[in-house]
Each structure stands twice: as C-alpha cells, then as structure tokens.
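sequence first, predicted model second:
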Amino acid sequence: MEPDNKYDILIIGGGPIGLACGIEAKKAGLSYIILEKGCLVNSLYNYPANMTFFSTSDKLEIGGIPFVSNNIKPTRSEALEYYRRVTEHYDLNLRLFEEVKSVRKDGNIYRIESSKWEYEAANIIISTGFYDIPNLLNIPGEDLPKVKHYYKDPHFYAKQQVLVVGANNSSVDAALETYRKGAQVSMVIREPEIGERVKYWVRPDIVNRIKEGSIKAYFNSNLAEVRENEVDIIGPEGKITLRNDFVLAMTGYQPDLSFLRKLGINISDDEKQVPEHNPETMETNMKGIYLAGVICGGMDTHVWFIENSRIHAEKIIKQLKIDS
C-alpha cells in the first residue's frame, strides 16, 4: 500500500525518540509519518544481545505506556519488545527499511525523497541518533574483516585470541562476555584505568579479572597496526606484538552531521560540532526543521539519552501547535 505523500510532519528516525515524536504528533491531531532506514528501533536492535541498560525501565518509557521489566535494569530484548508494543498500541504511521535520500525546500514546504517514495511536509523532525558511523582508529589493517566495530554475541569468539579496544561500557561488556565464552582476551586502553562511566555493577568485575590476570590489559597504550594473524600495540614499554584472531574496536560512534549540513543546518566549529537549535523549541536555523534526541549533542554523545531527551518531542509539538 502506497502512503499519502503530504504531511504536517515527517520524522526521520524510528528510534525511541522518533517514536515519541510520532506519538505526540498523533495526540495533537497533526498528520505525520516516521521513516526509518533500518528495523524498528534499529540502534537498539544492533546493541549487544546480552546488553543491560544503565537506566531503569521507567526512564525509558514513552507515550505514557508503562515499561515493566523482570529486573530494575531492563535488557535489550525487553526494550525491543516494549517499543514494538508501544508502536502497535498507538498504531504509529511508520515506514521501516526506508532511507531518506534527499530533502529540498520548496517555498513553505519540504520535498523529501526516500529510497521508496517521495513526500511533502511542512515540517521535519530529525531524530537519527549516532550509532551508524563508528569512530575509526585510522591505522593500517583496520579494513581487514577480522576488525569489528560492532559486537553482538560472545559465542562467535569462543577459543579465539581477541583484542578489545577501549575501556568504557561496550568494551568492558565485550571483554567480559567473550572471556566467559572461552576467548583469550586482551584489552588495549589509552587511559591509565578502566573508564569511570562503566556501569557500577560491572566495573568491579572487569577490574578484578584484570588484576587476577584472566584478562590482560595494556594501559596507556594504543593499537598501532592489525595484520591477518597478529597486532602491534604501542605502550610505555614500546611496541608489543600479539597473536590475534579478532579485534573488537569498541571506539564509539558519531552522528551523521554531513546530512545536517546538506540541509543547511549550522554546526559549531569546535570539537563538539553541536547543530544549531533553539533548546526551548528544538528548531534549527532552518525554519521548520527540528532536532530531537542524541543528535542534538553533535559529537558529544554523552549528553542526551532516552531518559532526558523524551521531552524534545513535547517541546517540538507544542511549538508546532503554537505556530499553526
């Protein structure tokens, strides 16, 4: 079935905050459509299979629908089920596996071309998160198939020599899980210790595994080169070469700021590269284009989370109702 092609709002991104924007638009009686280039809550789907959230379930709720989990900290699978049920409850107008290719302003409307259709919208909300573009190491051998920037399940790495790059939550989870599935795990960490942001119930575990020697950690060090069967690490004692089967480069991710620039949205010229927007209305310097969720922080991806950016949806729809 082909969708209508004219809407009050076109929402780019079908993650939790994009869904929240759709819910608020529906409550306000505004016509809308949500376009998501992957599956429903695609970023959450790509999280590690055994991941547990730092937030409690109530802080992940949207649309006034209670999120009930088995434990205080919900799991990835529980979150996927919750957001699917919320989507069905509100019967959200959502198109999955449909990527926005271009946006063009035409008078008072925007013309949007996707991978499947063309749309017109008076307003656009961008809620695209930051999980699609990994931060690269920019070292020789990073393009080898053995180097992974996404980690899903530990079983794949059983009986393998695994090097994990990084010392924050994703790195620590990968190191502990693969170690417990029989991998021989080493970590290369730029800092002198495990990151302070690591989940408080996990940090003692990784610290103790390193202390006892079950996981070897190279602190104040960097991965310098990857080859088919080994890697080079540069640290305080010079270059160390390790036998290696896989590298899990858990170096973080960044938002697609180039897409915002193409739309004419100003980006700050400092290292944070924050997109210009009014924090009261979430409108950018481009009239009728709004930001919601993690994308608002630019490269500073530790500012906005589901729990503190849910309010963006309410701010945007409130402003659109005032303007209408």
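It's in.

relative to residue 96, how far out is residue 301?
As judged by C-beta to C-beta, to the nearest Å, residue 301 and residue 96 stand 24 Å apart. Where you see a C-beta, it was placed from the backbone N, CA and C, and this is true even at glycine.

residue 153: neighbouring residues, count only.
12 (other C-beta atoms under 10 Å).

and residue 301 and residue 96? Which one has more around it.
residue 301 (19 against 14).

can you tell me the closest non-neighbouring residue to that one?
Leaving aside its sequence neighbours, residue 301 sits nearest to residue 130 (C-beta to C-beta, 6 or more residues apart in numbering; 5.1 Å).

residues near the one you found, how many?
Using other C-beta under 10 Å, residue 130 has 20 neighbouring residues.

what about it, helix or strand, and which?
Under the criterion DSSP states H and E, no helix or strand holds residue 130.

equivalent analysis for residue 123, please.
strand 118-126.

for that strand, packing partners?
When contacts are defined as 3 or more C-beta pairs under 8 Å, 6 or more residues apart in numbering; DSSP states H and E, strand 118-126 sits against strand 6-12, strand 109-114, strand 289-291.

what angle separates the second one from strand 6-12?
Interaxial angle, strand 109-114 versus strand 6-12 (axes from the mean of the first three to the mean of the last three C-alpha atoms, to 10 degrees): 50 degrees.

what bridges to the closest residue to residue 222 other than its chain neighbours?
Leaving aside its sequence neighbours, residue 222 sits nearest to residue 234 (C-beta to C-beta, 6+ apart; 5.3 Å). Residues in a beta bridge with residue 234, per DSSP bridges, are residue 222, residue 239.

roughly how far does the residue nearest to the spatial centre of the chain sit from residue 257?
Centroid check for the chain by C-alpha atoms, centre = their mean gives residue 131 as the closest residue, at 3.2 Å. Residue 131 sits 14 Å away from residue 257, going by C-beta to C-beta.

counting neighbours, what do you get for residue 32?
Counted with other C-beta under 10 Å, the neighbours of residue 32 add up to 23.

sorry, back to before: just name the most buried of the helices and strands packed on strand 118-126.
strand 289-291 (a mean of 27; mean count of other C-beta atoms under 10 Å).

which helices and strands does that strand pack with?
Counting contacts by 3+ C-beta pairs under 8 Å, 6+ apart, strand 289-291 packs against strand 118-126, helix 311-323.

for the chain, what spans make up the helices?
16-27, 42-45, 76-90, 169-180, 203-212, 257-262, 306-309, 311-323 (DSSP state H).

what's next to the fourth one, contact-wise?
Applying C-beta atoms under 8 Å, 6 or more residues apart in numbering, the external contacts of helix 169-180 come out as 48, 50-51, 54, 151, 154, 157, 160, 162, 164-165, 185, 187, 194-195, 197-199, 202-203, 205-206, 209, 214-215, 248, 250, 252.

list buried residues within those.
48, 51, 54, 151, 154, 157, 160, 162, 164-165, 185, 187, 194, 198, 202-203, 206, 209, 215, 248, 250, 252 (16 or more other C-beta atoms under 10 Å).

distance of the residue of the chain most remote from its centre from residue 117?
The C-alpha centroid of the chain is most remote from residue 237, which lies 35.5 Å away (C-alpha atoms, centre = their mean). Going from residue 237 to residue 117 by C-beta to C-beta gives 58 Å.
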